[in-house]
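Trainee: Fold the stuff below for me.
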Amino acid sequence: MARAEPRHFSLLRDFKVADFLTLANGVCGMGAVLAFLSYCSDDHRAAFWVGTGLLPLALLFDVLDGRVARLRHESSAIGRELDSLADVVSFGVAPAVMGFAIGLRAPLDLVCLVLFVACGIGRLARYNVTAEKLSEARGKVTYFEGFPIPSSLLLVTILAALMASTAEPAAVLGLWRMGPVALHPLALLFALLGAGMISKTLRIPKP
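Mentor: Residues are numbered from 1 along each chain as shown. Below you'll find the predicted structure:
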């Protein structure tokens, strides 16, 4: 029997409702990245606030996709991978670009931002592996190992508050100079949260 030819857009045709919600999460995250970059180029604050507003919307889609998948019994391997990739964009890359946009651009600031994104990627990769093992053993994963990556919205909230209240949000805690390099202490929040995300000893109960 001849094999059926793949249909046009067969990948999208195979997506479930929850998968489209996950894509909406990623779209919001990418929209935020572009909005923050627009703010960097023309200093138009409206673009910054558009980007900031898209990130809670991304979180809403992130919450909804899991609930819809469970209600409709549509959980799948591709859905899990989509969720992780969308989360990297919305809760890893976008907050880091937001930090860059408000002025965290000193050499060691950039190290902290890159470290934060790298930790987020590692945390999601580990979760995908361990969640599968734990769910097989217990039926359901009951806790997070390390901070979940959407906890970066705490940083987003802090940066947004600083943006609204001061002319130089990156310098609110000053600037440390160490020879030829410099660091805004505010950037250390990204490094600390990144370290918390990859911690194996920190266990946070899942809601």
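Trainee: Longest helix of the chain, counting residues only.
Mentor: Secondary structure of the chain per DSSP state H: the longest helix is helix 107-138.
Trainee: on contacts alone, who are the packing partners of that one?
Mentor: When contacts are defined as 3 or more CB pairs under 8 Å, 6 or more residues apart in numbering; DSSP states H and E, helix 107-138 packs onto helix 77-87, helix 94-101, strand 143-145, strand 181-183, helix 188-197. C-beta: built from backbone N, CA, C; applies to glycine.
Trainee: Deepest-packed of these, please.
Mentor: The highest mean neighbour count among these, using mean count of other CB atoms under 10 Å, belongs to helix 94-101: a mean of 25.
Trainee: what's the angle from that one to helix 107-138?
Mentor: Orientation note: helix 94-101 sits at an angle of 170 degrees relative to helix 107-138 (axes from the mean of the first three to the mean of the last three CA atoms, to 10 degrees).
Trainee: Can you name the helix or strand that R105 falls in?
Mentor: Using DSSP states H and E, R105 sits in no helix or strand.
Trainee: Excluding residues flanking it in the chain, which one is nearest it?
Mentor: A170 (7.7 Å; CB to CB, 6 or more residues apart in numbering).
Trainee: If you average pLDDT over each of the helices and strands packed on helix 107-138, which is lowest?
Mentor: Lowest mean pLDDT within the helices and strands packed on helix 107-138: strand 143-145, at a mean of 74.
Trainee: List of residues touching the following helix or strand past that strand?
Mentor: Moving toward the C-terminus from strand 143-145, the next helix or strand (DSSP H and E) is helix 153-165. For helix 153-165, the surrounding residues in contact (CB atoms under 8 Å, 6 or more residues apart in numbering) are 48, 52, 55-56, 59, 91, 95, 98-99, 102, 169, 172, 186, 189-190, 193.
Trainee: Work out the gap between helix 153-165 and the centre of the chain.
Mentor: How far helix 153-165 lies from its chain's middle: 15 Å, per CA atoms, centre = their mean, to the nearest Å.
Trainee: do stretch 36-56 as well
Mentor: 17 Å.
Trainee: Could you list the buried residues of that stretch?
Mentor: For stretch 36-56, burial by neighbour count (16 or more other CB atoms under 10 Å) applies to F36, S38, Y39, C40, A47, F48, V50, G51, T52, L54, L55.
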